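Visitor: Requesting a structural model of the entry that follows:
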Amino acid sequence: MLFKRDPAAGETFPVAKTEAEWRAALSPEAFRVLREHGTERPGTSPLNAEKRPGTFACAGCGAPLFDAAAKYESGTGWPSFFAPIEGAVATRTDRSFFMTRTEVHCAACGGHLGHVFPDGPAPTGQRFCMNGVSLAFRPAGD
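Guide: Next up, the predicted model:
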């Protein structure tokens, strides 16, 4: 059975776990962000300072999401990227908190990663502003 993140929308994802399985696999903060659309406090992720070559993967399912070469310092307090790995993320409209934004989630497990904004650098002009707790870094060569 596939885990439905939003049964009303009929969403299903290739990586499927029950809520209990997600809770057992994730820290409370990672569960809050990835499974409940939470946001970590800005400046709290050690991944903000990560500059080595490698890949940023989903902390929930391990799917590769962003190449480290696409990471840049946005000054927002969250790890930011100008482009994801092709096919790794999906988006949907988020109308929470009395505003309209574009939510970014893992295409493999549906975990909430953050939001994308149209104020990033070249070559895409996009800023994928991600919660560090939703990511796991894998250095090149590991």
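
Visitor: Assign a three-state SS to the residue nearest the centre of the chain, would you?
Guide: Nearest to the centroid of the C-alpha atoms of the chain, with distances taken as Cα atoms, centre = their mean, sits residue 113, at 2.2 Å. At residue 113 the chain is in strand, as set by DSSP: H, G, I helix; E, B strand; the rest coil.

Visitor: so where is this protein shaky, pLDDT-wise?
Guide: 1-11, 94, 96-98 (pLDDT under 70).

Visitor: hey, where'd the helices end up in it?
Guide: Using DSSP state H, the helices found in the chain span residues 19-25, 28-36.

Visitor: so of those helices, which one's packed in deepest?
Guide: Most buried of the helices of the chain, by mean neighbour count (mean count of other Cβ atoms under 10 Å): helix 28-36, with a mean of 18. From N, CA and C alone the C-beta is placed, and that goes for glycine too.

Visitor: Give me the helices and strands touching that one, please.
Guide: helix 19-25, strand 112-117 (3 or more Cβ pairs under 8 Å, 6 or more residues apart in numbering; DSSP states H and E).
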